[in-house]
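K.L.:
pasted the sequence and its predicted model underneath.
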Amino acid sequence: MKQSHSPGWRLAVLSLATLAAGLSLVEAQLQTGQLQPAQQRLIPIRKSKADREGSSLMQEKGAVYLEGLVTREIKVKVTQAAPIYANLTGERWLGNLFPNQEVTLLAIGEKAYRVRGQAKQGQVAGWIGKAMVEGVSPELEQNLAKLHERQLLVNDLIDKQQVALGMTNDEVMASLGPPDKRNSKVDKDGRNDTFEYIRYQKVPQTQTAFDQFGRPYQSVTYLMVETGKATIVFEKGVVSSIEESEGLNLQAPTVRIVPPPIIIF
(Lines give C-alpha, C1' and ligand atoms only; values in the text may rest on other atoms or scores of the structure.)
Protein backbone atom coordinates (compact mmCIF):
# COMPACT_ATOMS: atom_id res chain seq x y z
CA MET A 1 0.00 0.00 0.00
CA LYS A 2 1.41 3.36 -1.05
CA GLN A 3 2.08 5.66 1.86
CA SER A 4 1.23 9.35 1.41
CA HIS A 5 2.47 12.25 3.47
CA SER A 6 0.82 15.54 4.20
CA PRO A 7 2.29 18.85 2.96
CA GLY A 8 3.05 19.74 6.57
CA TRP A 9 5.15 16.56 7.00
CA ARG A 10 7.16 17.34 3.84
CA LEU A 11 7.73 20.92 4.99
CA ALA A 12 9.02 19.73 8.39
CA VAL A 13 11.52 17.37 6.74
CA LEU A 14 12.67 20.14 4.41
CA SER A 15 13.13 22.52 7.36
CA LEU A 16 15.49 20.06 9.09
CA ALA A 17 17.50 19.64 5.89
CA THR A 18 17.86 23.38 5.38
CA LEU A 19 19.19 23.91 8.89
CA ALA A 20 21.93 21.34 8.24
CA ALA A 21 22.83 22.97 4.90
CA GLY A 22 22.92 26.48 6.33
CA LEU A 23 20.18 27.73 3.97
CA SER A 24 17.03 29.64 4.76
CA LEU A 25 13.78 27.78 4.22
CA VAL A 26 12.81 30.06 1.33
CA GLU A 27 16.18 29.55 -0.41
CA ALA A 28 15.97 25.77 -0.13
CA GLN A 29 12.37 25.65 -1.31
CA LEU A 30 13.25 27.77 -4.32
CA GLN A 31 16.11 25.45 -5.26
CA THR A 32 14.09 22.27 -4.84
CA GLY A 33 10.86 23.48 -6.41
CA GLN A 34 8.82 23.00 -3.22
CA LEU A 35 8.28 26.67 -2.43
CA GLN A 36 4.75 27.50 -1.35
CA PRO A 37 3.24 30.97 -1.93
CA ALA A 38 4.52 33.32 0.77
CA GLN A 39 2.69 36.18 2.41
CA GLN A 40 5.58 38.57 1.82
CA ARG A 41 5.68 41.50 -0.56
CA LEU A 42 8.35 42.71 -2.94
CA ILE A 43 10.54 45.48 -1.59
CA PRO A 44 11.15 48.00 -4.38
CA ILE A 45 14.55 49.70 -4.50
CA ARG A 46 15.14 53.31 -5.44
CA LYS A 47 15.48 53.54 -9.20
CA SER A 48 18.25 55.57 -10.78
CA LYS A 49 17.54 58.21 -13.39
CA ALA A 50 18.38 55.73 -16.14
CA ASP A 51 16.10 53.08 -14.60
CA ARG A 52 13.20 55.51 -14.27
CA GLU A 53 13.43 56.38 -17.96
CA GLY A 54 14.18 52.90 -19.22
CA SER A 55 12.14 50.32 -17.34
CA SER A 56 9.02 49.95 -15.22
CA LEU A 57 10.08 46.52 -13.89
CA MET A 58 9.65 46.02 -10.14
CA GLN A 59 13.11 45.01 -8.94
CA GLU A 60 14.07 42.71 -6.08
CA LYS A 61 16.26 44.27 -3.43
CA GLY A 62 19.89 43.16 -3.67
CA ALA A 63 19.57 41.63 -7.15
CA VAL A 64 21.68 42.72 -10.14
CA TYR A 65 19.50 43.40 -13.18
CA LEU A 66 21.10 43.20 -16.61
CA GLU A 67 18.70 45.57 -18.40
CA GLY A 68 20.68 48.70 -19.26
CA LEU A 69 23.82 47.09 -17.84
CA VAL A 70 25.07 44.98 -20.77
CA THR A 71 24.90 45.62 -24.50
CA ARG A 72 23.61 42.22 -25.54
CA GLU A 73 21.72 39.28 -24.12
CA ILE A 74 23.46 36.58 -22.07
CA LYS A 75 22.26 33.05 -22.82
CA VAL A 76 22.43 30.25 -20.23
CA LYS A 77 21.14 26.66 -20.11
CA VAL A 78 18.51 25.12 -17.87
CA THR A 79 19.86 21.67 -16.98
CA GLN A 80 16.65 20.11 -15.66
CA ALA A 81 12.93 20.71 -15.43
CA ALA A 82 12.79 23.76 -13.18
CA PRO A 83 9.91 25.49 -11.35
CA ILE A 84 9.96 29.24 -11.97
CA TYR A 85 8.52 31.90 -9.65
CA ALA A 86 7.46 35.51 -10.04
CA ASN A 87 9.79 36.69 -7.27
CA LEU A 88 12.33 35.49 -4.75
CA THR A 89 9.72 35.03 -2.04
CA GLY A 90 7.77 32.55 -4.17
CA GLU A 91 4.66 34.70 -4.08
CA ARG A 92 3.43 33.26 -7.39
CA TRP A 93 4.41 30.08 -9.24
CA LEU A 94 4.60 30.68 -13.01
CA GLY A 95 5.18 27.17 -14.30
CA ASN A 96 7.98 24.69 -15.05
CA LEU A 97 10.76 25.35 -17.54
CA PHE A 98 11.68 22.59 -19.98
CA PRO A 99 15.04 20.88 -19.35
CA ASN A 100 18.08 21.39 -21.63
CA GLN A 101 16.78 24.64 -23.11
CA GLU A 102 18.61 27.91 -23.67
CA VAL A 103 17.17 30.86 -21.75
CA THR A 104 18.01 34.55 -21.43
CA LEU A 105 19.61 35.70 -18.18
CA LEU A 106 17.78 38.76 -16.81
CA ALA A 107 19.07 39.21 -13.25
CA ILE A 108 21.32 37.63 -10.64
CA GLY A 109 20.37 37.12 -7.00
CA GLU A 110 22.32 35.52 -4.18
CA LYS A 111 20.66 32.10 -4.57
CA ALA A 112 18.66 32.35 -7.81
CA TYR A 113 18.68 33.69 -11.35
CA ARG A 114 15.93 35.57 -13.13
CA VAL A 115 15.56 34.17 -16.65
CA ARG A 116 13.21 34.30 -19.61
CA GLY A 117 12.36 31.01 -21.32
CA GLN A 118 9.74 28.53 -22.45
CA ALA A 119 7.61 26.76 -19.87
CA LYS A 120 4.76 24.31 -20.31
CA GLN A 121 2.48 27.26 -19.66
CA GLY A 122 4.12 29.42 -22.37
CA GLN A 123 6.86 32.08 -22.44
CA VAL A 124 7.67 33.23 -18.89
CA ALA A 125 10.18 35.36 -17.02
CA GLY A 126 10.94 34.63 -13.39
CA TRP A 127 13.31 33.20 -10.78
CA ILE A 128 14.81 29.70 -10.66
CA GLY A 129 17.42 28.16 -8.37
CA LYS A 130 21.06 28.55 -9.42
CA ALA A 131 21.62 24.78 -9.17
CA MET A 132 19.34 24.31 -12.18
CA VAL A 133 21.32 26.63 -14.49
CA GLU A 134 24.72 26.37 -16.13
CA GLY A 135 26.68 28.91 -18.18
CA VAL A 136 27.27 31.62 -15.57
CA SER A 137 30.86 31.60 -14.32
CA PRO A 138 31.84 33.09 -10.94
CA GLU A 139 33.98 35.60 -12.86
CA LEU A 140 30.96 36.75 -14.89
CA GLU A 141 28.88 37.17 -11.73
CA GLN A 142 31.66 39.22 -10.10
CA ASN A 143 32.06 41.46 -13.17
CA LEU A 144 28.31 42.05 -13.42
CA ALA A 145 28.19 42.95 -9.71
CA LYS A 146 31.08 45.43 -10.16
CA LEU A 147 29.42 46.89 -13.24
CA HIS A 148 26.18 47.28 -11.29
CA GLU A 149 27.96 49.09 -8.44
CA ARG A 150 29.64 51.39 -10.96
CA GLN A 151 26.32 52.15 -12.64
CA LEU A 152 24.72 53.14 -9.32
CA LEU A 153 27.62 55.52 -8.62
CA VAL A 154 27.42 57.07 -12.10
CA ASN A 155 23.63 57.42 -11.93
CA ASP A 156 23.95 59.24 -8.61
CA LEU A 157 26.41 61.70 -10.19
CA ILE A 158 24.12 62.20 -13.18
CA ASP A 159 21.14 62.86 -10.89
CA LYS A 160 23.17 65.60 -9.19
CA GLN A 161 24.60 66.96 -12.49
CA GLN A 162 28.15 66.29 -11.35
CA VAL A 163 31.21 64.70 -12.94
CA ALA A 164 34.05 62.57 -11.61
CA LEU A 165 37.25 60.96 -12.79
CA GLY A 166 36.60 57.71 -14.65
CA MET A 167 33.29 58.70 -16.27
CA THR A 168 32.94 58.18 -20.04
CA ASN A 169 32.11 60.82 -22.68
CA ASP A 170 28.48 59.70 -22.86
CA GLU A 171 28.12 59.70 -19.06
CA VAL A 172 29.47 63.25 -18.79
CA MET A 173 27.07 64.46 -21.49
CA ALA A 174 24.20 62.66 -19.75
CA SER A 175 25.08 64.64 -16.62
CA LEU A 176 25.97 68.07 -18.04
CA GLY A 177 24.60 68.05 -21.57
CA PRO A 178 26.58 68.65 -24.79
CA PRO A 179 29.76 70.71 -24.25
CA ASP A 180 30.05 74.32 -25.43
CA LYS A 181 33.39 73.46 -27.04
CA ARG A 182 34.88 70.12 -27.97
CA ASN A 183 38.39 69.29 -29.16
CA SER A 184 39.69 65.89 -30.22
CA LYS A 185 43.22 64.62 -30.69
CA VAL A 186 44.28 61.26 -32.11
CA ASP A 187 47.81 59.91 -31.65
CA LYS A 188 49.53 56.55 -31.40
CA ASP A 189 48.02 55.97 -27.96
CA GLY A 190 44.46 56.53 -29.13
CA ARG A 191 41.92 59.34 -29.09
CA ASN A 192 41.79 62.05 -26.46
CA ASP A 193 38.89 64.51 -26.12
CA THR A 194 38.55 67.79 -24.28
CA PHE A 195 35.15 69.18 -23.28
CA GLU A 196 34.64 72.79 -22.26
CA TYR A 197 31.54 73.90 -20.38
CA ILE A 198 31.08 77.66 -20.06
CA ARG A 199 28.60 79.37 -17.75
CA TYR A 200 27.30 82.80 -18.71
CA GLN A 201 25.34 85.46 -16.87
CA LYS A 202 23.27 88.29 -18.28
CA VAL A 203 24.68 91.64 -17.11
CA PRO A 204 22.50 94.74 -17.66
CA GLN A 205 24.10 97.78 -19.31
CA THR A 206 22.33 101.14 -19.09
CA GLN A 207 22.97 103.66 -21.84
CA THR A 208 21.62 107.08 -22.72
CA ALA A 209 20.01 107.22 -26.15
CA PHE A 210 18.00 109.83 -28.04
CA ASP A 211 14.68 109.50 -29.76
CA GLN A 212 13.78 110.98 -33.17
CA PHE A 213 13.05 114.34 -31.58
CA GLY A 214 16.40 114.51 -29.83
CA ARG A 215 15.03 113.75 -26.41
CA PRO A 216 17.28 111.61 -24.17
CA TYR A 217 16.09 108.36 -22.62
CA GLN A 218 17.67 105.41 -20.82
CA SER A 219 17.95 102.08 -22.64
CA VAL A 220 19.00 98.78 -21.07
CA THR A 221 20.85 96.09 -22.97
CA TYR A 222 22.17 92.80 -21.66
CA LEU A 223 25.63 91.42 -22.23
CA MET A 224 26.46 87.73 -21.85
CA VAL A 225 29.45 87.64 -19.53
CA GLU A 226 31.41 84.46 -18.85
CA THR A 227 31.25 83.65 -15.15
CA GLY A 228 32.81 80.19 -15.04
CA LYS A 229 34.41 77.51 -17.17
CA ALA A 230 35.15 73.83 -16.72
CA THR A 231 37.63 71.88 -18.84
CA ILE A 232 37.24 68.11 -18.80
CA VAL A 233 39.98 66.00 -20.38
CA PHE A 234 39.42 62.39 -21.50
CA GLU A 235 42.14 59.81 -22.02
CA LYS A 236 41.23 56.49 -23.60
CA GLY A 237 37.56 57.33 -23.33
CA VAL A 238 37.35 58.23 -19.61
CA VAL A 239 37.79 61.46 -17.63
CA SER A 240 41.42 61.90 -16.59
CA SER A 241 41.32 65.49 -15.29
CA ILE A 242 38.78 68.19 -14.40
CA GLU A 243 39.63 71.87 -14.15
CA GLU A 244 36.94 74.36 -13.21
CA SER A 245 36.75 77.95 -12.09
CA GLU A 246 35.18 78.94 -8.79
CA GLY A 247 31.42 78.87 -8.66
CA LEU A 248 30.65 76.02 -11.07
CA ASN A 249 30.68 73.14 -8.55
CA LEU A 250 30.51 70.42 -11.19
CA GLN A 251 32.57 68.07 -9.04
CA ALA A 252 31.26 66.29 -5.97
CA PRO A 253 32.10 67.98 -2.61
CA THR A 254 34.50 65.12 -1.87
CA VAL A 255 36.78 63.64 -4.50
CA ARG A 256 35.04 60.71 -6.21
CA ILE A 257 36.66 58.37 -8.69
CA VAL A 258 34.52 56.10 -10.81
CA PRO A 259 36.09 52.71 -11.61
CA PRO A 260 36.77 52.25 -15.34
CA PRO A 261 34.05 50.47 -17.35
CA ILE A 262 34.23 46.67 -17.33
CA ILE A 263 34.09 45.00 -20.74
CA ILE A 264 31.82 41.94 -20.41
CA PHE A 265 31.93 40.78 -24.01
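P.N.:
It's in.

K.L.:
nearest the middle, which residue of this protein would you pick?
P.N.:
Residue closest to the average C-alpha location in the chain (C-alpha atoms, centre = their mean): residue 151, at 4.8 Å.

K.L.:
mind checking how far the closest residue to that one other than its chain neighbours is from residue 130?
P.N.:
Sequence neighbours aside, residue 69 is the residue nearest to residue 151 in space, at 6.2 Å (criterion: C-beta to C-beta, 6 or more residues apart in numbering). C-betas here are computed from N, CA, C, even on glycine. Separation of residue 69 from residue 130 (C-beta to C-beta, to the nearest Å): 19 Å.

K.L.:
ok, the two, which is more surrounded?
P.N.:
residue 130 (18 against 15; other C-beta atoms under 10 Å).

K.L.:
contacting residues for the more buried one?
P.N.:
31, 111, 112, 113, 136 (C-beta atoms under 8 Å, 6 or more residues apart in numbering).

K.L.:
try 7 Å this time
P.N.:
Shown in contact with residue 130 (C-beta atoms under 7 Å, 6 or more residues apart in numbering): 111, 112, 113.

K.L.:
helices - which of the residues you listed land there?
P.N.:
When these are checked against helices (DSSP state H), there are no matches.

K.L.:
is residue 241 in a helix, a strand, or coil?
P.N.:
At residue 241, secondary structure determined by DSSP: H, G, I helix; E, B strand; the rest coil is strand.

K.L.:
in the sheet, who's paired with the residue nearest to it when sequence neighbours are not counted?
P.N.:
With sequence-adjacent residues excluded and distances taken as C-beta to C-beta, 6+ apart, residue 241 is closest to residue 233, at 4.6 Å. Counting by DSSP bridges, residue 233 forms beta bridges with residue 194, residue 241.

K.L.:
check residue 233 and give its pLDDT.
P.N.:
We note a pLDDT of 95 for residue 233 in this prediction.

K.L.:
one more: residue 90?
P.N.:
80.

K.L.:
surely it is in a helix?
P.N.:
No: remark: residue 90 does not belong to a helix; assigned using three-state DSSP, it is coil.

K.L.:
can you report how many residues neighbour it?
P.N.:
By other C-beta under 10 Å, 19 other residues sit near residue 90.

K.L.:
with residue 107 instead?
P.N.:
Using other C-beta under 10 Å, residue 107 has 22 neighbouring residues.

K.L.:
surely it is within a strand?
P.N.:
Yes: residue state for residue 107 (three-state DSSP) corresponds to a strand.

K.L.:
which residues sit in contact with the nearest residue in space to it that is not next to it in sequence?
P.N.:
Once flanking residues are discounted, residue 107 sits nearest to residue 114: 3.7 Å by C-beta to C-beta, 6+ apart. Contacts for residue 114 were tallied using C-beta under 7 Å, 6+ apart; they are 106, 107, 125, 126, 127.

K.L.:
so who does the last one touch?
P.N.:
Think residue 127. Contacts of residue 127 (C-beta under 7 Å, 6+ apart): 30, 84, 85, 87, 88, 109, 112, 113, 114.

K.L.:
check contacts around the residue nearest to residue 241.
P.N.:
194, 240, 241.

K.L.:
and of those, the nearest to residue 215?
P.N.:
Distances from residue 215 to these, taken as C-beta to C-beta, are shortest for residue 194 (51.9 Å).

K.L.:
how many other residues sit next to that closest one?
P.N.:
15.

K.L.:
surely it and residue 183 touch.
P.N.:
Yes: counting by C-beta atoms under 7 Å, residue 183 is a contact partner of residue 194 at 4.5 Å.

K.L.:
can you map out the strands along the stretch 151-265 of the chain?
P.N.:
Along the stretch 151-265 of the chain, the segments classed as strands by DSSP state E, counting those that start in this stretch run 181-187, 190-210, 216-235, 238-244.
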